[in-house]
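only geometry, no sequence info:
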């Protein structure tokens, strides 16, 4: 199954890269002016779903654009065909395809493909995390003041859900640096590979996180909610780190519970 996920992600990634600058239709979801979808998102998703259906017609699928399928079974594929749509629309090369495979409620495999840098992040439960076939690990940075963090803003940032703005300001004061890249899946991959030390965000969806959560865990990091409890891909608050700065990050988040 992970080989199919790899093949499907690569194919969709090539499709995305070929269509940068060719978007003809832009829609907003649920009236949210920042939550965008294009015919490229939908075309990428259709390619991935066709690939899954051709091999596993009885598996369930949860995809960003088409929602949940009616199929029931032990396996569910969780798909984001274009994570970083706003970046894609502006020609900013920070976007990816991400696919997670869930078995009986647990993520057992994940793939994230960045077509701009031809970087393929993969993980299987209990087998480690990899970038283009080479094993990766989280950073060994033990102090928040020496850390480079990343976050994202929810589409409804104007109403400041869960004190998102206050958390951003607090981490600006506590960390060495803070980035906002625009792709949660890549944020998690960069924590898994040691490029970044920690990540937090609110109001994400399962397709944003499914593969990335497994990648961080298999790379030796820690993933939880803001209170340190086990993180589900269906949760709304995620904290991921190299593990060593996790408690410090929780303390900062705790200032605005």
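Cool, the structure landed. Bear in mind the structure is a predicted one, so any value in this text is a computation, not a measurement.

Remind me which helix or strand residue 98 belongs to.
In this structure, residue 98 sits in strand 96-103 according to DSSP states H and E.

Please state the mean pLDDT value computed over that strand.
What strand 96-103 shows for mean pLDDT is 98.

now do stretch 73-92
Stretch 73-92 comes out with an average pLDDT of 94.

can you check stretch 45-57 too?
Averaging pLDDT along stretch 45-57 gives 96.

related to what we said a few turns ago, name the residues of the strand holding residue 98 that are buried.
Residues 96, 97, 98, 99, 100, 101, 102 are the ones in strand 96-103 that count as buried (16 or more other C-beta atoms under 10 Å). Placement of C-beta: from N, CA and C, glycine included.

which helices and strands does it pack with?
Contacts defined by 3 or more C-beta pairs under 8 Å, 6 or more residues apart in numbering; DSSP states H and E place strand 96-103 against helix 2-18, helix 39-55, strand 75-83, strand 106-114, helix 184-192, helix 206-218.

What lies in contact with the second one?
The one in question is helix 39-55. Under the contact criterion C-beta atoms under 8 Å, 6 or more residues apart in numbering, helix 39-55 has outside partners 4, 7-9, 11-12, 15-16, 19, 22-25, 59, 61, 63-66, 77, 79, 81-82, 85, 88, 97, 99.

Filter those residues down to the buried ones.
Buried members of the contacts of helix 39-55, counted by 16+ other C-beta under 10 Å: 4, 8-9, 11-12, 15-16, 19, 59, 61, 63-65, 77, 79, 81-82, 85, 88, 97, 99.

My read is that residue 256 contacts residue 170, right?
Yes: between residue 256 and residue 170 there is a contact at 7.3 Å, judged by C-beta atoms under 8 Å.

out of the two, which sits in the busier spot?
It is residue 170, of residue 256 and residue 170, that has more neighbours when counted by other C-beta atoms under 10 Å, with 17 against 14.

Starting from residue 93, give me the distance back to that one.
Separation of residue 170 from residue 93 (C-beta to C-beta, to the nearest Å) stands at 30 Å.

likewise residue 183?
Residue 183 is 11 Å from residue 93, by C-beta to C-beta.

So which of these two has more stuff around it?
In terms of neighbours (other C-beta under 10 Å), residue 183 is the more surrounded of residue 183 and residue 93; the figures are 28 against 14.

Show me how this structure divides into domains.
2-135, 144-253 (automatic domain parsing).

what's the first-to-last distance across the last one?
Pointing back at domain 144-253 there. Domain 144-253 has its terminal residues 13 Å apart, counting by C-alpha to C-alpha, to the nearest Å.
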